[in-house]
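Colleague: Coordinates for the following, if possible.
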Amino acid sequence: MSKLQAFFFYFTIFIVGAVILVIEIAGTRILTPFYGSTIFVWSSIIAVTLLFLSLGYFIGGIIADKKPDPDLLYWIIFFAGASILLIPKYSNWLLIQTDKFGFKYGPLAASFSLFFIPLSLLGMVSPLAIKIGTKDFSSIGVSSGSIYALATIGSLSGALATGFFLIPNFPISRIINVTGLVLVIIFFLWKIQSIVNKKKIMFPSLLIFIILATPPFCFNCQNELRGKFYYETFYHAQSFHGDIKIVQLGSLKCLFVDGIGQSCNSGTGKDENDYLAKISSIARDLKPKKILALGMGSGSFLLSVPKDSKVDVVEIDQKVVEMSKRYDLIPQRDYKIYYDDARHFIKDSNEDYDLIIMDLFIGGNIPSYMLSRESFSEIRNVLSENGVFYIHIPVSIKDKNDKFLLSVYKTLADVFSRVKIIELKSFNSIGFVAQSGLNKEIKIAGELDWTGSPQLKESNLITDDFNLGEKYYLPRLLSLISYYSDFLGRGIFLTN
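Modeller: Below is the predicted model of the structure:
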């Protein structure tokens with residue numbers, strides 16, 4: 001190889017390393033709106049990536065011993081790029097097909113189907129590159145070390161670029177398409193400078209044209225995408241934390257994250273559900289001077305708190321707030337917002353709040369680290385003497401022996417002196433009201449008595465060291481996904 005070819009060869013290794021991590025991280029954003037951001041999704045993506053890279057390493061090693069040809073290497077890169085370009089074309093159809101495998105194994109089947117070809121092909125690159133780049137066996141250690149180091153630096157760059165820049169600013173389909181095109185362009189650049197007969201690039205040129213010209217397909221899945229009610233999406237974007245949609249649902253403007261409704265605004269400026277009504281009831285009784293809201297969403301709670309109260313809001317996803325403001329979902333009133341993780345904010349806070357409202361569910365996923373005994377203790381420390389802590393949990397009450405709800409209840413009762421459970425019928429969810437002081441008891445309609453539950457003693461405390469919150473919540477998340485699938489159709493969960 002000439003010096004120019006050698007430079008381009010090593011540049012290719014860097015790009016291939018970057019592409020692997022782009023595909024792995026962006027792949028989670030294809031799956032999470034459909035299956036939720038659960039441990040099953042992340043485990044499936046990581047397992048499939050490792051499995052097929054290993055397969056690629058093995059096959060690539062065999063090929064390298066038989067034919068260590070740079071042209072063959074770039075053909076493998078070409079087909080990897082072409083297979084990546086196909087992902088946005090059939091991902092929706094594949095997600096619907098893998099839904100039959102259930103909540104646990106569906107993500108694994110989807111990851112397998114979507115990524116086994118590109119990851120296997122990309123895995124073949126390193127062993128081939130080592131054989132091509134090794135001039136004699138005395139330098140094989142330096143050659144292999146240099147190639148693996150360069151590929152790893154590429155992976156590092158791809159991970160940082162995807163998480164910090166690409167996903168927050170571009171649609172997932174565009175990220176995937178550009179990633180595939182980068183590999184295809186690398187192939188053509190190598191071929192153009194290394195061949196004389198230009199007819200040899202006609203086949204790959206025609207293949208890429210056909211792939212790009214093919215519209216996304218979803219055979220016989222229109223009935224799956226539709227639900228009982230019609231909705232119109234007029235904003236759709238990715239943020240650091242989820243797939244955001246602003247939709248019109250009848251007379252309501254609603255915020256959805258990863259396919260799950262977060263809040264709606266009718267524009268009337270009134271409390272129109274039990275969730276807001278309970279906040280109003282607590283606020284009237286408590287008369288809080290300082291309020292802390294953990295989770296902003298579209299800010300519907302602002303309708304229910306006194307106008308003369310000082311309100312601090314903590315929200316981790318800035319884009320959710322920006323879009324809610326743009327489409328007039330957030331009620332007009334004074335508040336101060338902090339873009340931070342709720343638990344980090346609480347640890348650093350020196351304030352004493354009279355009312356703390358926690359509604360932190362992102363999509364259908366639970367921030368289980370916020371439900372631990374340690375987290376509740378930190379929240380108690382920033383409550384005033386007679387302060388109230390109100391948690392909204394968007395799950396319906398099926399029975400009072402539910403492990404998830406009992407564990408949250410037991411953990412709260414371990415930290416706070418008084419804990420009440422209230423049913424929010426119109427919002428199909430529940431709330432917990434906790435107080436550390438005993439001087440003034442808050443009276444709330446709809447209180448439930450779970451003290452006699454036979455499962456309460458057997459339920460687990462949720463701690464940072466042993467947190468079963470997510471495990472116990474998974475059946476609830478499946479039920480929530482099923483509810484929205486029936487209500488609006490599976491299309492609400494798709495990213496394109």
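
Colleague: Which parts of the stretch 1-150 of the chain are helices?
Modeller: According to DSSP state H, counting those that start in this stretch, the stretch 1-150 of the chain carries its helices in the segments 3-35, 39-66, 70-98, 102-123, 125-133, 140-161.

Colleague: Output those helices in CSV; the columns should cover mean pLDDT, distance to residue 444 and mean neighbour count.
Modeller: All C-beta spots, glycine's among them, are computed from the backbone N, C-alpha and C. Conversion of the helices of the stretch 1-150 of the chain to CSV gives the following (pLDDT from 0 to 100; distance: least, C-beta to C-beta, whole Å; neighbours: other C-beta atoms under 10 Å):
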stretch, mean pLDDT, distance to residue 444, mean neighbour count
helix 3-35, 90, 35, 21
helix 39-66, 94, 34, 17
helix 70-98, 92, 41, 21
helix 102-123, 93, 34, 22
helix 125-133, 92, 62, 23
helix 140-161, 92, 47, 16
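
Colleague: and the helix or strand containing residue 264, which residues are buried?
Modeller: Applying DSSP states H and E as the criterion places residue 264 in strand 260-265. Neighbour-count burial for strand 260-265 flags 260, 261, 262, 263, 264, 265 (criterion: 16 or more other C-beta atoms under 10 Å).

Colleague: what's near enough to touch the closest residue to residue 492 other than its chain neighbours?
Modeller: Closest residue in space to residue 492, ignoring its immediate chain neighbours: residue 259 at 4.7 Å, by C-beta to C-beta, 6 or more residues apart in numbering. Contacts for residue 259 (C-beta atoms under 8 Å, 6 or more residues apart in numbering) come out as 33, 34, 243, 245, 363, 364, 481, 484, 492, 493.

Colleague: Out of the residues you listed, give me the two with the largest separation.
Modeller: Spanning the widest gap among the contacts of residue 259 are 245 and 481, at 15.1 Å by C-beta to C-beta.

Colleague: And the contacts of stretch 34-54?
Modeller: So stretch 34-54 is contacted by 20, 23-24, 27-28, 31-32, 95, 99, 103-108, 110-112, 115-116, 119-120, 122-123, 242, 258-259, 362-365, 470, 474, 477, 481, 490, 493-494 (C-beta under 8 Å, 6+ apart).

Colleague: got the phi/psi numbers for residue 308?
Modeller: In terms of degrees, to the nearest 10, the main-chain angles of residue 308 are phi -90, psi 0.

Colleague: Got the domain ranges for this structure?
Modeller: 3-223, 238-493 (automatic domain parsing).

Colleague: Pipe those into a markdown table and attach distance to residue 232 per row.
Modeller: Converted to a markdown table, those look like this (distance: least, C-beta to C-beta, whole Å):
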| stretch | distance to residue 232 |
| --- | --- |
| domain 3-223 | 17 |
| domain 238-493 | 5 |
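
Colleague: Worst mean pLDDT among these?
Modeller: If the domains of the chain are sorted by mean pLDDT, domain 238-493 sits at the bottom with a mean of 84.

Colleague: distance between it and the chain's centre?
Modeller: Distance of domain 238-493 from its chain centroid, counting by C-alpha atoms, centre = their mean, to the nearest Å, is 19 Å.

Colleague: Can you get me the start-to-end distance on that domain?
Modeller: 13 Å (C-alpha to C-alpha, to the nearest Å).
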